[in-house]
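> Take this sequence and fold it.
(chains A, B and C)
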Amino acid sequence: MFALSLVLVAVLWALYKWVGPQDGGKLFGLTVLPRANDTAMPHVWEMLSRYARPERRGATGSIALVVLSGAWFTFRLALTGFVIGASVGIALAVLMARYKVIERGLLPYLVVSQTIPLIALAPLVVSWGGKLHIGGFEWPRWLSASVLGAFLAFFPVAVGTLRGLTSAPQPASLELMDSYASSWWQTLVKLRFPAAVPFMIPALKLGASASVIGVVVAELSTGLAGGVGRLIIEYSRESTSDPAKVFTAVFAAAAIGLAMAGLVGLIDLAASRNRRPKDVLA
Amino acid sequence: MRRSPRSIFQAVWPPVVFGVGFLVVWETAVKVFDFQPYFLPAPSAIWAEFQQNTTLIWDATKVSGLNALIGLLVGTALGVSMSFLLARFRLLNDLTTPLAIGLNAVPIFVLVSVFNKMFAITSEVPRRLMVTLVVYFIVLVNVARGLREVDHTQLELMRSYAASESAILRKVRVPNAVPYLFTALKIAAPAAVITAFVSEYFGGSQNGLGSRIVSNISISKNAAAWAYVLGACLLGLTFYLIAVALEGVATPGGVGSRGRDGS
Amino acid sequence: MNAVEIRNVSKVFNAGRPNAVEALVDIDLTIEPGEFVSLIGPSGCGKSTELRLIANLLEPTTGEISVNAKPARQARLDQDYGMAFQQAGLFEWRTVTKNVELPLELKGWDKERRRARALEMLDLVKLSDFADHLPWQLSGGMQQRVAIARALAARPSLLLMDEPFGALDEMTREHMQAELLRICAETSTTVVFVTHSIPEAVYLSTRVVVMSPRPGRTKVVIDVDLGAERNVDTREDPAFFRKVTEVREALRGMPIGGPDDMALEP
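Numbering: from 1, shown residues only, chains lettered A, B, ... in the order given. Okay, here's the model as predicted:
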């Protein structure tokens, strides 16, 4: 079905090219309709075939390899960021579940943080690269990208995990554990965490996509070499001469996002093995 | 639901203490460890810059904010309209939902670089288009769900009255979908601000908040950059609160009542 | 040694605050080993509260509770009792066997010993064939049987049950009652059983404690001398009907649903 919808998008794209105004159009006097000429909107098959051709005239190997290595670079950064952010988020959620005072003190900020554009901090975090020295440790540029990804992933994971840890277990199950004189940590491991899984999976999905966004934005603000963000900027500069080029990188960026989502899907599969097949809480 | 002063106090003091404590720690850490401004300016320095540049910040906010707002309005309008089609035609729904879910995982704002090519270089339209796109999918998926996922018993009741499909639409589906719309808005409003923001990193006109942050960093005025960040956060928060306020206005029975009781 | 001793116990929730609730007053009860005692009464009479006091899930406001001649708290720490609730409360992510193993895990038993005991318990409740199934694959009655197996896994001498059959249909319920009696006979367990159902209380118990509505007091304790061997025929025995009537009449004359409801039967 997903493939079918992609085909639908491709069809709409081609359709617009066919009927759309070549130099942009005006609707109610505002330039709203995009240009439909080949430079601004390459044909679908042009975009796809671009993968086979080399990056630059005279270079060997197809652009697919270049884009792929860029995507792999970015993917690893996003993954690192996600793992760090999710771990810290889960740890904080446990802390908040254990000590109500911490929950009451921090939760409002966590919730608010999801409404403000934390991504505004991106250029600032990225600017640390190359300038910061802690002891003998020099802050590598790519770390900023991962840190930003971690930072953005942290919030949804913390909130979702906390909700799961506190609201998922049934009161009778908590009483049951009490009747066994179970310690708080035993109850955490045997009851709260497994019960929280349906809440954590959607939170992890949000965290994964947030991490990708953070890393890509960080790459964009600096043009971090090696990543897919840099490629997008570079290629978009050449779009007058080689319009299909930028799309190769754009699709690669999309693929990274899907790969991360797929990863969480695998986690979901492993963690929900024993459950009744039903929809995960959205 | 009247809460005792005691319980309000209990709810309020921890976040206040944490917030104030955090600022205090930040301020002293900067002084004690002698943090360079390019790393982390002190809150007092940021606040000073904020007050100094208020007009400039406000101007930049207006630009980014307008982009976000237009995208939000258009995206919502389109999303709501399309959702009716989705509710009506099952096939369309089955095609669109996986696409929307897939797009959720993907950093689609990279498409701005593509949009920039479609329009004049000084145009704000690419950003507005981007925001519209992001908002559109959020609103579409949620409202379509609201129109479709109606209590089965209510549908059976309407059919027993031999009600027409459009009557069912008006009397049952739409009221059911209203809370879903506001859920979508509460997600879409901050998303609109973020998208408007991030879109500015791709070049094009340099008047918005995002570009200002970057330009301030490049001339090493970090405290000023942080002041713009503060402006951005206020913008995002405002959008969110407006969405919440609209929700409060439109659902007078309280957020919990989804209009199912006929209220 | 008495299995359970409740002396002079009362329980007030939110004591000292404007929304204080007097749940139980003046409760005295002694239960000997091997007894099956039911607590029955209208909603809000505090029978579940009394059960939780015995379980040390709540602390009494006044008075003392001892289980197996120890303070209730110690009994809980020593896992001297097993508990079953209205919802079976099985962990949906664990297999049936792993669910039964739960209390043994918390006691620190090693893997083989746990599994052996769990399978033994499943055999007792006649669910051996479902050892590797998952809770959602089982019916309500079967889930309750697993819950009972779990409650008995550590071979406690006392079983506390809070309307465990309340969510089941009538036929399953009667079947489960018979099963419970069989299991308790095989394990010689003392049982304290909270219920809403008069026939259930009479069928299962050696004694029925009838409670009055809030604030809950023990209204009357009725001995049920229908003999130790109870089966399908017992339900049709005239002596059974007489006991049921006796309990019903003890419950009558009390406001239904609470002290504010004055709809009385003569």
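> Count the residues that sit near residue B:130.
Per other Cβ atoms under 10 Å in any protein chain shown, the neighbour tally for residue B:130 reads 27. Placement of C-beta: from N, CA and C, glycine included.
> Ignore what I typed, I meant residue B:91.
Around residue B:91 there are 10 residues (other Cβ under 10 Å).
> quick check, it in a helix?
Yes. Counting by DSSP: H, G, I helix; E, B strand; the rest coil, residue B:91 is part of a helix.
> just checking, what's the longest helix in chain C?
helix C:170-187 (DSSP state H).
> Any idea which residue of the stretch 151-266 of chain C lies closest to chain B?
residue C:167 (22.1 Å; Cβ to the nearest Cβ).
> Pull the contacting residues for that residue.
Contacts here follow Cβ atoms under 8 Å, 6 or more residues apart in numbering or on different chains; on that basis residue C:167 touches C:86, C:87, C:140.
> do residue A:73 as well
A:226, A:227, A:228.
> where are the low-confidence patches of chain C?
C:253-266 (pLDDT under 70).
> residues from chain C in reach of chain A?
Proximity of chain C to chain A, by Cβ under 8 Å from any Cβ of the partner chain, involves residues C:52, C:55, C:57, C:76-79, C:81-83, C:85-87, C:89, C:91-95, C:102-103, C:105-106, C:134, C:136.
> Filter the residues you listed down to the ones in strands?
C:81, C:82, C:83 (DSSP state E).
> Check the residues you listed against chain B and report the nearest one.
Closest to chain B, out of all of those and judged by Cβ to the nearest Cβ, is residue C:83, at 32.0 Å.
> now that we have the contacts of residue A:73, which one has the most neighbours?
In the contacts of residue A:73, the most neighbours by other Cβ under 10 Å go to residue A:228, 32 neighbours.
> pLDDT score assigned to it?
We have a pLDDT of 86 for residue A:228.
> hmm, back to that, over to the residue of the stretch 151-266 of chain C closest to chain B: give its phi and psi.
phi -90, psi 0 (degrees, to the nearest 10).
> can you check residue C:158 too?
phi -130, psi 140.
> so who does it touch?
Taking Cβ under 8 Å, 6+ apart, one finds C:3, C:4, C:67, C:68, C:75, C:80, C:81, C:82, C:189, C:190, C:191, C:192 in contact with residue C:158.
> Among those, which one lies nearest to residue A:3?
residue C:82 (54.0 Å; Cβ to Cβ).
> The closest residue to that closest one other than its chain neighbours: what's it in contact with?
The shortest distance from residue C:82 to any residue other than its chain neighbours is 3.2 Å, reached at residue C:151 (Cβ to Cβ, 6 or more residues apart in numbering or on different chains). Contacts for residue C:151 (Cβ under 8 Å, 6+ apart) come out as C:82, C:83, C:84, C:159, C:161.
> can you tell me which helix in chain B is longest?
Counting by DSSP H, the longest helix found in chain B is helix B:54-88.
> tell me which residues of it are tucked away?
Neighbour counts over helix B:54-88 (16 or more other Cβ atoms under 10 Å in any protein chain shown) mark B:57, B:60-61, B:63-65, B:67-72, B:74-76, B:78-80, B:82-84, B:86-87 as buried.
> cool, stretch C:173-183 as well?
Applying 16+ other Cβ under 10 Å to stretch C:173-183 flags C:173, C:174, C:176, C:177, C:178, C:179, C:180, C:181, C:183 as buried.
> No further queries at this time; thank you.
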